[in-house]
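Novice: Just need the structure, nothing else, for what follows:
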Amino acid sequence: MKSLAGALVSRILVPPDPILASIWGVGLAIRLVLLPITLHSDLYQIYSRAHVAITMGAWFAWSSQLIAQLFHDGWLFLVVSLLPDSDDIWSVTAGVAGIGAQPHDLARFLAYPYLARALVLLKLPYVAADAVVGWLLSRDMPVKQRRWALALWWLNPIVIYTSAVFGRHDSVWVALLLGGALIARRGFRWTGFACSALAAGARFFPVFLLPVYLVAFRRSWRSVALGGVAVVGSWIVLDLFVVVWSGTSPTLTLLGDYPHVRYLVALSLPVSEDVPLPLFPLAYTVFLCWWFTVAPRGWTAYQAAAGATLCGVVALTPFHPQYVIWALPFAVPVLARQLSGRLLALLQAGLFLVWLTRWGAAATTALLSPLGDDFVSALPDPQLVAAALVPASVWQPVLRAMFAGVTLWIGWLVLREQIGMMREMTSKEMELAGRER
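Specialist: Residues are numbered from 1 along each chain as shown. The predicted model follows:
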């Protein structure tokens, strides 16, 4: 107790790092400005479904991304009392496949007298998750590296755009994924794996990290096999339950209708007239074979594998702008340790901002709809402006290739650090063996 009290007192008495505090303050100020003036229909749709779940008691009616939907159901249930007279602002068709929220529904939401308060409350979990991730990434690092790690996440336009502007919930699951890895680092491997599996159930991207997690935090190859059996078995049980309950198979639905599955094979090389060679499945298979062969252990190994894998997903598959955030969390600590890494992070963010024009007003100026139709209509469409300067058939492929190249190189930097550590350990082991002889 005395040591704990002493640690708390010392932490309170030690003055905070002014630069670190400034980074926190600037990032928070930017978010507070953007939260009440930006809106994407995805945010409105997911909370409309949450309203239906609360009022109708249909908490498990939305089968697509059920974990993420339940999270929003619970959050709206907690804050709905702070949104007076809000029963009529939601869309009753947001959860109907093929229909969704209609333009008149969004217009009704934008006319809500407490719109600014609603937008801040609805996005608040995402900003809180951003802060949690920033803290997790910057802890246990030297002062200078801690500042850079926090800045590369908390001030990153990719993160700010995803959470505060677009209003996407990905940072919530990034925080859960990172938290699970740190729990495993403390020795609670299966608890950490449960957190990672939950994040994978909520979002598609962490699925690819489960095999490398099992290898990095294994006690034996038997535990790796048990983890794999647990994942596959749990999914089969869930699939059968949903088939009995609703008559549809989540597995077949994902393979047939879920766009992220199609994205995995969208970028490919023509190896014959009718059989393309998808780039990401090829790269991921080669990487897993190498990973299982070298089989490194520990948090650093997992960080390297996770960072390289997620950078590969973003670089080698089609993506919407709100998904780019997944390339960052495991890469940031490595990028913060070297000047070249920081420059690459800045270049990646700059290319991302320019690449937003590829989606035109839908991903840029139209997000300012809370400021009014007259304001938005007076703004030029960035895609049209770019097309007037350079043909889209020229600048879009080149910019996409540049972004993919930078992101892949970031993934390689993260992986290279782990390879260097493995070589250093091997040389030390060889040196020790030579001395023993």
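Novice: hey, let's count contacts and neighbours off CA atoms from now on
Specialist: Noted.
Novice: Pull the contacting residues for the spatially most central residue of the chain.
Specialist: Centre of the chain computed as the mean C-alpha position; nearest residue by Cα atoms, centre = their mean is Trp326, 3.7 Å away. By Cα atoms under 8 Å, 6 or more residues apart in numbering, the residues touching Trp326 are 170, 174, 205, 310-311, 314.
Novice: ok, now Leu78?
Specialist: Leu78 makes contact with no residue under the criterion Cα under 8 Å, 6+ apart.
Novice: how near is it to Gly372?
Specialist: To Gly372, Leu78 is 29 Å away according to Cα to Cα, to the nearest Å.
Novice: Could I get the phi/psi values of Leu269?
Specialist: Leu269 adopts backbone torsions of phi -110, psi 140, taken as degrees, to the nearest 10.
Novice: just the one 10 residues further on next, same as before
Specialist: The phi and psi torsions at Leu279 (degrees, to the nearest 10) take the values phi -70, psi -50.
Novice: shouldn't it be in contact with Leu269?
Specialist: Yes: look at Leu279 against Leu269 with Cα atoms under 8 Å: they come within range, at 7.0 Å.
Novice: If you count surrounding residues, which of these two has more?
Specialist: More neighbours surround Leu279 than the other of Leu279 and Leu269, with 18 against 11 (other Cα atoms under 10 Å).
Novice: Could you find the closest non-adjacent residue to that one?
Specialist: Closest residue to Leu279 apart from its sequence neighbours, by Cα to Cα, 6 or more residues apart in numbering: Ser268 at 5.1 Å.
Novice: And that neighbour, how far from Gly405?
Specialist: As judged by Cα to Cα, Ser268 and Gly405 stand 16 Å apart.
Novice: Over to Pro296?
Specialist: 26 Å.
Novice: Likewise for Ala175?
Specialist: Ala175 is 26 Å from Gly405, by Cα to Cα.
Novice: from the middle of its chain, how far away would stretch 96-115 be?
Specialist: Taking Cα atoms, centre = their mean, to the nearest Å, one finds stretch 96-115 lying 26 Å from the centre of the chain it belongs to.
Novice: got the end-to-end distance for it?
Specialist: End-to-end distance for stretch 96-115: 24 Å, by Cα to Cα.
Novice: in that stretch, what counts as buried?
Specialist: Buried residues in stretch 96-115, counting neighbours by 16 or more other Cα atoms under 10 Å, are found at 100-101, 105-106, 109-110, 112, 115.
Novice: now those residues as CSV including pLDDT?
Specialist: Shown next, in CSV, are the buried residues of stretch 96-115 (pLDDT from 0 to 100):
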residue, pLDDT
Gly100, 77
Ala101, 81
Asp105, 89
Leu106, 91
Phe109, 94
Leu110, 94
Tyr112, 95
Leu115, 96
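Novice: Can you lay out the residues you listed as CSV showing distance to Gln45 and secondary structure?
Specialist: Output for those, formatted as CSV (distance: Cα to Cα, whole Å; DSSP: H, G, I helix; E, B strand; the rest coil):
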residue, distance to Gln45, secondary structure
Gly100, 7, coil
Ala101, 6, coil
Asp105, 10, helix
Leu106, 9, helix
Phe109, 11, helix
Leu110, 13, helix
Tyr112, 16, coil
Leu115, 15, helix
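Novice: For Ala175 and Gly405, indicate the residue with more neighbours.
Specialist: With neighbours defined as other Cα under 10 Å, Ala175 and Gly405 compare such that Ala175 has more, 25 against 15.
Novice: In three-state terms, label that one for me.
Specialist: Classification of Ala175 using DSSP: H, G, I helix; E, B strand; the rest coil returns helix.
Novice: From Ile325, how far out is it?
Specialist: Going from Ala175 to Ile325 by Cα to Cα gives 12 Å.
Novice: now Leu83
Specialist: Distance of Leu83 to Ile325, given as Cα to Cα: 30 Å.
Novice: next helix or strand past whichever strand or helix holds Gly341?
Specialist: Assignment of secondary structure by DSSP states H and E places Gly341 within helix 339-355. Downstream of helix 339-355, the first helix or strand assigned by DSSP H and E is helix 373-377.
Novice: quick one: that next one to chain centroid distance?
Specialist: Centroid separation between helix 373-377 and its chain, computed with Cα atoms, centre = their mean, is 31 Å.
Novice: Residue numbering should commence at 2 henceforth.
Specialist: All right, first residue 2 from here; so that's helix 374-378.
Novice: Sort out which residues of that helix are buried, please.
Specialist: So for helix 374-378, counting by 16+ other Cα under 10 Å, buried means Val377.
Novice: what helices or strands is whichever helix or strand comes after that helix leaning on?
Specialist: Later in the chain than helix 374-378, the nearest helix or strand by DSSP H and E is helix 383-390. Helices and strands touching helix 383-390, by 3 or more Cα pairs under 8 Å, 6 or more residues apart in numbering; DSSP states H and E: there are none.
Novice: Figure out how far helix 383-390 is from the centre of its chain.
Specialist: In this view, helix 383-390 has its centroid 29 Å away from the chain centroid, taken as Cα atoms, centre = their mean.
Novice: just the CA coordinates of that helix, formatted as PDB?
Specialist: Output of helix 383-390 as PDB, limited to C-alpha atoms (Å, rounded to 0.1, in the frame of the first residue of the first chain):
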ATOM      1  CA  PRO A 383     -12.700  18.500 -54.900                       C
ATOM      2  CA  GLN A 384     -13.000  15.600 -57.400                       C
ATOM      3  CA  LEU A 385     -14.100  18.000 -60.100                       C
ATOM      4  CA  VAL A 386     -11.400  20.500 -59.300                       C
ATOM      5  CA  ALA A 387      -8.700  17.700 -59.500                       C
ATOM      6  CA  ALA A 388     -10.200  16.400 -62.700                       C
ATOM      7  CA  ALA A 389     -10.000  20.000 -64.200                       C
ATOM      8  CA  LEU A 390      -6.300  20.100 -63.500                       C
END
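Novice: And the strands in the chain?
Specialist: Counting by DSSP state E, the chain has strands at residues 269-271, 277-279.
Novice: Mind picking the two most distant members of the buried residues of stretch 97-116?
Specialist: Across the buried residues of stretch 97-116, the longest distance by Cα to Cα is 20.7 Å; it joins Gly101 and Leu116.
Novice: Okay, Trp300 and Ser197: tell me how far apart.
Specialist: Here Trp300 is placed at a distance of 14 Å from Ser197 (Cα to Cα).
Novice: now swap in Leu179 and tell me
Specialist: Taking Cα to Cα, one finds Leu179 at 8 Å from Ser197.
Novice: So which of the two has more stuff around it?
Specialist: Neighbour count, other Cα under 10 Å: between Leu179 and Ser197, Ser197 has more, with 25 against 22.
Novice: Just give the nearest non-adjacent residue to the more buried one, would you?
Specialist: Nearest to Ser197 is Leu178, by Cα to Cα, 6+ apart, at 5.0 Å.
Novice: What does the pLDDT read for that neighbour?
Specialist: Reading off the confidence values, Leu178 has pLDDT 94.
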